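S.K.: just the structure for this:
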Amino acid sequence: MGITSHLVEIEKFISKHKHSDANAVFNAVKKKLPSITKATVYRNLEKMVKTERLTSFELNGRSLFEIKKPSHCHFVCMKCGKIFEINAPLINEPKDFKVQNISIIIRGACKECT
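M.R.: Here you go, the predicted model:
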């Protein structure tokens, strides 16, 4: 995948604003690159996930994106909506399968809301 100004700006935004959805990425990048379209953002996000530069996970019907990093889980506070990253338990990759992504989301109340 070639490096484009679109790709660079999308990656910059996501590295600073983890757990962003495509609309947030589009709105932010459009300020720097006014000619960018939603289709371009979606296409680039999809490419970045396929090439493992980003990972995505589903939460409440939305795909959220973040820079790929070692395995971790997400804790979602059901009161304030904040998303926290926590260490993931080791999960052995099953034989005869090629695992692309493991997504574990734990829901509850964060310490600020309890």
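S.K.: which stretches in this structure count as helices?
M.R.: Assigned by DSSP state H, the helices in the chain fall at 5-16, 22-32, 38-50.
S.K.: quick one, which of the ones you listed gets closest to Asn60.
M.R.: Ranking those by proximity to Asn60 (C-beta to C-beta) places helix 22-32 first, at 13.6 Å. Where you see a C-beta, it was placed from the backbone N, CA and C, and this is true even at glycine.
S.K.: could you export the helices of the chain as CSV, including mean pLDDT and mean neighbour count?
M.R.: Below are the helices of the chain laid out as CSV (pLDDT from 0 to 100; neighbours: other C-beta atoms under 10 Å):
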stretch, mean pLDDT, mean neighbour count
helix 5-16, 94, 17
helix 22-32, 97, 16
helix 38-50, 95, 16
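S.K.: distance to Asn87 for these - can I get that in CSV?
M.R.: Shown next, in CSV, are those (distance: least, C-beta to C-beta, whole Å):
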stretch, distance to Asn87
helix 5-16, 21
helix 22-32, 26
helix 38-50, 23
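S.K.: tell me the domain boundaries of the protein?
M.R.: Following automatic domain parsing, the chain resolves into domains at 5-67, 72-108.
S.K.: gap between the shortest one and the chain center?
M.R.: Averaged C-alpha coordinates place domain 72-108 at 12 Å from its chain's average position (C-alpha atoms, centre = their mean, to the nearest Å).
S.K.: ditto for the first one
M.R.: Centroid separation for domain 5-67 versus its chain: 8 Å, with C-alpha atoms, centre = their mean.
S.K.: correct me, but Lys32 touches Val8?
M.R.: No - at 9.8 Å, Lys32 does not count as touching Val8 under the criterion of C-beta atoms under 8 Å.
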